[in-house]
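Trainee: Quick one: sequence plus predicted model below, questions after.
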Amino acid sequence: MSLITGKIESIASNGAGILRHDGQVIFAPFTAVGDEVLVEITKTRKNYAEAVLKEIKIAGLARISPVCPYFKKCGGCKLQHISYEEQLRVKMEFLSSSLRKIGKLLDVKPLPIAPAKNIYSYRRHIRLHRKNGAIGFVSNDREGIIDIEYCPIFDERDREKIASLKTRNISNCEEIVLHKYSDQNTLEFSIDELTFSYGEKSFVQANPEMAENIYREVRSQVKETRPRKILDLYCGVGATTLLSAAFADEILGVEFNSSAVKLARKNQRRNKIANASFMRADVDKKLASILENFKPDFMIINPPRTGMSKASRDALTADPSGNLLYISCSHATLARDLKDIMACGYKIATIKPYDMFPQTVHMEVVTRLIRD
């Protein structure tokens, strides 16, 4: 394989640095903008090449020393080697690029990204795996498990929790979920005056600080709009549903996971909210009939990383229903979905990224859409 020298021009959305050589784009992980590097080509494709970093000849201004001893080996954090200010800048680039290239939304300008106060020790929980005696995260090459003692974005004070796992009889590849500072049997969080229970494997936002910011933004948008009927899709344990209920006549949360629906109903009873209800349904298969029967004038959409399916996008665009709040954890699938949603008469009022996951390439984006 050939050795190439060059200067990193930008960062791709997977965290790899981009340089060019003889007109070819080369992706080199763990590099920073401005780095002058020696890389080795490992794979050559039709339109690009992949490389590994061999030497940093001159470090770029944004390069810093990573905190984590497992950096580069672990498959999680991809940006620990660049300053936090630079992380925020490149994430804005990721979002803007997806809106332009995938969504074809050339005139949309996102609001500045909301930074996190805590850029380490921020995760509410981590998911570990065990294989051949190692307990930790999937490796960067996806071929094994990196044995860890602690995780800097979780909390160093929880070392003992990880150490205790090594004494337990846990089968290979079993997923282990650790929760920060919590009794694993009594998991809950509070937003303003409401308290929510969740399960060990429930989906809840990983960063409590940024989650609160997003939940309050959703509540603010609903309060400003004062809709009559709200439909909350992919509602999980009911946080956005119940936080929004005070500002509507009726709200329906829809979730496929049966355990999450049970917890949502438990949270409804616990918080004494009478005008909310929950339905267990597959949004991909049932959205058309839900829209026809419920007829909302405001929708909250918070899909998984894969975004809305083609079937659910088709159902939404066939029966557009009032204003939308779309909460996304993938700027790429968000851009794809916005392209279809806007084709049926919606326009973007605001699009606001939140740095839910410092040190990683991921973020959360809240988009408010209104009907023309």
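Mentor: Looks like it arrived, so ask away.

Trainee: Now for K166: which residues touch it?
Mentor: Applying CB atoms under 8 Å, 6 or more residues apart in numbering to K166 gives the contacts I135. Every residue, glycine included, has its C-beta placed from N, CA and C.

Trainee: State the distance from it to Q221.
Mentor: 46 Å (CB to CB, to the nearest Å).

Trainee: helices or strands next to the helix or strand harbouring L316 in the packing?
Mentor: Per DSSP states H and E: L316 is located in helix 310-318. Counting contacts by 3 or more CB pairs under 8 Å, 6 or more residues apart in numbering; DSSP states H and E, helix 310-318 packs against helix 283-294, helix 331-342.

Trainee: Give me whichever of these is most buried.
Mentor: With neighbours defined as mean count of other CB atoms under 10 Å, the helices and strands packed on helix 310-318 peak in mean count at helix 331-342, which reaches a mean of 21.

Trainee: Kindly format the C-alpha coordinates of the helix or strand just after that helix as CSV.
Mentor: Moving toward the C-terminus from helix 331-342, the next helix or strand (DSSP H and E) is strand 346-354. Extracted in CSV, the C-alpha atoms of strand 346-354 (Å, rounded to 0.1, in the frame of the first residue of the first chain):
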residue,chain,number,x,y,z
TYR,A,346,-44.5,22.3,5.1
LYS,A,347,-41.7,24.8,5.6
ILE,A,348,-39.0,24.9,8.2
ALA,A,349,-39.5,27.5,10.9
THR,A,350,-36.4,26.6,12.9
ILE,A,351,-33.8,23.9,13.0
LYS,A,352,-31.7,23.7,16.1
PRO,A,353,-28.9,21.2,16.8
TYR,A,354,-28.0,20.2,20.4
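
Trainee: quick revisit: mind putting the helices and strands packed on helix 310-318 in a markdown table, distance to N47 included?
Mentor: Formatted as a markdown table, the helices and strands packed on helix 310-318 follow (distance: least, CB to CB, whole Å):
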| stretch | distance to N47 |
| --- | --- |
| helix 283-294 | 33 |
| helix 331-342 | 18 |
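
Trainee: and of these, who's closest to I4?
Mentor: For I4, the closest of the helices and strands packed on helix 310-318 is helix 331-342, at 27.8 Å, according to CB to CB.

Trainee: quick one, the closest one and helix 310-318 angle?
Mentor: Per axes from the mean of the first three to the mean of the last three CA atoms, to 10 degrees, the angle that helix 331-342 makes with helix 310-318 is 40 degrees.
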